Each structure stands twice: as C-alpha cells, then as structure tokens.
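>>> What follows is a predicted structure for the sequence shown.
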Amino acid sequence: MDELLTAVWRTLQKHCMTQPGQTVLCALSGGADSVSMTHALALLAPRLDIRLCAAHFSHGIRPDAAEGELALVRSLCASLEIPLFHEQGDVPAYARQQGISLEEAARRLRYDFLQRAARESGSERIATAHHRDDSCETMLLNLVRGSGTVGLGGIPPVRGAFIRPLIDVTRAQVERYARQNGLRWAQDESNFDQSIPRNLVRHTVMPALKSINPQADANMARAAELARLDGEFLLRCARELADRAVYEGEVIVMDAAALAETHPAVAGRAVRILYVRAGGREGVFTMRHAQAVLALCAGGDPSAQADLPGGITASRRYEKLVLGRERTRTPLPCVRLEPGMPVQWGEWTLCLAPERVTDWPMAAFLSPEGTQDGLFVRPRAAGDVIRLPGGHRLLKKWMIDRKIPQKDRDRTPVLCDNKKIRALFWDRAYTAEKEEEQRAVAVAARRGRE
C-alpha cells in the first residue's frame, strides 16, 4: 500500500474515526491537501465500508479563481463517483460586518456550510485535510497567544463530528502523493502572503526551527499529543468537579470551598465549564476570568461579586458560589395585611389571621398591642433595629448572622406596625415577644418562587 494510504489507514484506526456503514463528508477546497485526502479516502472506502460525498465552499476572496476551482473539484468528484455539495459566500463582506480577519471569517462560514452539508447528506463525519504541518503551525500560533494545553495540543485528530485523516502525514508527503497519482489541484496564492501570521510561521518560523533540529515537526507533534493527553485528563477531573454543582432556578450553585481547595489546573477548568453551563460562550472566557472567580471562592468576603462576559455574574453567597444572569428585580412595596387575605410579596406569601395556621410552614404569633392600626410587610430600611432576647440589634447585623445572601436581604419580609418591627421571616418566623404575649394575632408565611 502507498506510504500515505498506509499512514491514513493507521490514523483512521488509531482514533476510531469512522464506523462501517457511515457516510463521510470530505471538505474539498481544491488544494493539494483536500484533493489528496478525498482521493485517498475514496480508495480506502470499500475497505472501511463507508460512503463518501464532498463539499466545496466558494468564499469570494478570490472571485477570479472560484470558477476554475469549482470545475476542478467537480471533475475530481465525477471521476471518483461521489456527490458534491457546493455553496458560495461573501467572506470579505462578512469579515467587515463582524469586525474580524478574513481568515477567521472564512473559517466560520466554511464550517457553518460543512455542518449544513453534513445534515443534508446524512453524513456522520466531516473529514478536513489538516496535516501534521498545519497542527505544528497551530501549536506555535497558540503558544504566542499564551494558550494552555488545549491550544498546545495543536489540531486534534477528532473533534466532535470532525475527523482529520491526514493529521499524521506531512505537507511534503501529501504533495508527493498528489503528483504520483496524477492529481490536479488549485494553488491559493494567498498562502504565500506573509502578512498573514500562519503563512509567516509556515515559511519563516518552521524552516528556522528545522534548521536547529530537522525532526522539529515530528517532535512538536509528539509534544502536542502529550499536551492533549494531559489536557483530556485535567478536563475529565474538572467535569467531575463541576458535576457537583446544582441548578437553582436560573443559576448554578457550587460549594466555593470545593473549588478553592482544588488545584487551579482543575478548578479553573471547572469554572469554565460552569460558566458555559450558566449560558456563557466558551470562546470569550479567559484565564483572567477563571482566576477572578477562584479568588472569590478563596476570599473572605461572603458577598463578593465578579462580572463575566455575556452578562454572567459570579457571586459569593457565603459558602456558595453562584453563576448566572441575575434578573433585575423590581423593589418591593410596603403592603398592609388584611385578615384572612393572602398577600403575594415577591417570592413570599403572607396572611394575617389565616383560617388554618397549621396549613402554613411558618407563623409569627403576636400580642394585640400596637396592631390596632394595622400590620404591614415591607423591605428592610436603613437603620432598622429589631428587639431580640437579650437586647436590640441592627437588622443588617441580624441578616449577616443568619447568612442571608445580599441579593435576598431587600426581599426578606419585615413585619411591622406603625411603630416598630414585630417579626421577621427567613428559615422560620422570628419574634422577640414573650410567649405569654403571643396569643392574639397570627401572621403566617411561606416562601415560593417569583
């Protein structure tokens, strides 16, 4: 078997890239890499028991060359008897609209098209023609960006539905295969433009590294594989840690100490996972954000908060870390309670003199003194003081002692008459009245959801 075919076969088997009976969509740009990959997979398809189709995206960057490239890939697909899906886009316009580079715009639109073509063709796998040189270039570019193990792993052989059958062969091997098999391919002149960072790495940095060690690319590929293995293990540990979090309504709640006491290599990844689960977009979450969240977990401020991208907030609620989008809640009013008439106040329901007190989870029993002019429920106010057994205490201190989260303090029911606070509700009803005085007036409460 040909050198490249042997390498591709080993890669396919090593990473379990395909299964018998599957359809594989080949991303076919018309360059030497994708033409060789498609040709090699077509030769191996009977042995693999897979079906092939191809997809070609005309990006609009070089319109003069688009027609020739399309004709070339059509000819190849016809000779291999595989169906071709084609779509035309306007990458320059999209790049201007999104404020991104041409390279990034082309990548986004191309991958969007490939996923649509895969759905339309019923393809379970999408094969792209990245080879070992591409992975080394990606590794170096990620290195100068300060990437972690994921970026230093270069281009993974498999990511979701995407497979890279050429990932273990070099660009030189690909081009040699194309010449030996009489394949025609298109040459993208922009690949020689060294104002594009990847091209600068390809034509200047990699040759310099090979002048130091001719095996630089092979050694880098081995280092990338080790980085991927380390990263996969750390990510698995992080997922196990993140799975200890729970959903409470629209937010995710995690034990802060569990994160603070775990090695940052795992804890930082767990925070990233929690951020994505809370509705954040992974691509904008950086190490700086992870460090800010871990500082919250390790810090002593029980109400500290950090703003994260996408409107996500990380906040401490005493022993807990809470991640999510905090809703803006309308301030609650002062409401008079009427006997026998339940009142909805935020997430609380309160009732003065309910028909059956035993139907309610908590109730405050009050003496009639001071209630003649009515009882009211209101939020806390600055300077509020409550009478407790043993003396008076600022309401703020009382709430801190009971570890009431800061976000809930303005929504904790304060029951009062025209002169003073009579009772408070949180995990139970609190009142400082003597037991023998608690005989005439009952206010019941339950906590639900707004």
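Right, received. Where do you want to start?
>>> Only C-alpha atoms from now on, for both contacts and neighbour counts.
Will do.
>>> so which helix or strand takes in Cys297?
Secondary structure from DSSP states H and E places Cys297 in helix 287-298.
>>> Who are the packing partners of that helix?
If contacts are counted by 3 or more Cα pairs under 8 Å, 6 or more residues apart in numbering; DSSP states H and E, helix 287-298 sits against helix 256-260, helix 264-277, strand 305-308, strand 312-317.
>>> Of all these, which one comes closest to Ala218?
helix 264-277 (27.3 Å; Cα to Cα).
>>> Buried residues of that closest one, list them for me.
Val266, Ala267, Gly268, Arg269, Ala270, Val271, Arg272, Ile273, Leu274, Tyr275, Val276, Arg277 (16 or more other Cα atoms under 10 Å).
>>> CA atoms only: put stretch 395-414 into PDB for me.
Extracted in PDB, the C-alpha atoms of stretch 395-414 (Å, rounded to 0.1, in the frame of the first residue of the first chain):
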ATOM      1  CA  LEU A 395     -31.300  44.400  61.200                       C
ATOM      2  CA  LYS A 396     -28.300  44.400  58.900                       C
ATOM      3  CA  LYS A 397     -26.200  42.500  61.500                       C
ATOM      4  CA  TRP A 398     -29.100  40.100  62.100                       C
ATOM      5  CA  MET A 399     -29.200  39.200  58.400                       C
ATOM      6  CA  ILE A 400     -25.400  38.800  58.300                       C
ATOM      7  CA  ASP A 401     -25.500  36.500  61.300                       C
ATOM      8  CA  ARG A 402     -28.100  34.300  59.500                       C
ATOM      9  CA  LYS A 403     -26.100  34.300  56.300                       C
ATOM     10  CA  ILE A 404     -28.900  35.700  54.300                       C
ATOM     11  CA  PRO A 405     -27.500  36.400  50.800                       C
ATOM     12  CA  GLN A 406     -27.100  40.000  49.900                       C
ATOM     13  CA  LYS A 407     -29.400  39.700  46.900                       C
ATOM     14  CA  ASP A 408     -32.200  38.400  49.300                       C
ATOM     15  CA  ARG A 409     -31.900  41.000  52.000                       C
ATOM     16  CA  ASP A 410     -34.200  43.500  50.400                       C
ATOM     17  CA  ARG A 411     -36.700  40.800  49.700                       C
ATOM     18  CA  THR A 412     -36.800  39.300  53.200                       C
ATOM     19  CA  PRO A 413     -40.200  40.100  54.800                       C
ATOM     20  CA  VAL A 414     -40.100  42.600  57.600                       C
END
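>>> That one: which residues count as buried?
Leu395, Lys396, Met399, Ile404, Pro405, Gln406, Arg409, Arg411, Thr412, Pro413, Val414.
>>> For the helix holding Cys297, what does the pLDDT average out to?
Helix 287-298 comes out with an average pLDDT of 94.
>>> Now tell me what touches it from outside.
With Cα atoms under 8 Å, 6 or more residues apart in numbering as the test, helix 287-298 has contacts from 256-257, 259-260, 267-269, 271-272, 304-306, 308, 314-316, 321.
>>> before we move on, the earlier item: will you turn the helices and strands packed on helix 287-298 into JSON lines that also has mean pLDDT and distance to Ala227?
Output for the helices and strands packed on helix 287-298, formatted as JSON lines (pLDDT from 0 to 100; distance: least, Cα to Cα, whole Å):
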{"stretch": "helix 256-260", "mean pLDDT": "96", "distance to Ala227": "23"}
{"stretch": "helix 264-277", "mean pLDDT": "96", "distance to Ala227": "13"}
{"stretch": "strand 305-308", "mean pLDDT": "92", "distance to Ala227": "28"}
{"stretch": "strand 312-317", "mean pLDDT": "92", "distance to Ala227": "30"}
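>>> Quick check: which of those is nearest to Val35?
Using Cα to Cα, the helices and strands packed on helix 287-298 put helix 264-277 closest to Val35, at 37.1 Å.
>>> so what does that closest one touch, helix or strand wise?
Under the contact rule (3+ Cα pairs under 8 Å, 6+ apart), helix 264-277 is packed against helix 216-242, helix 287-298, strand 320-324.
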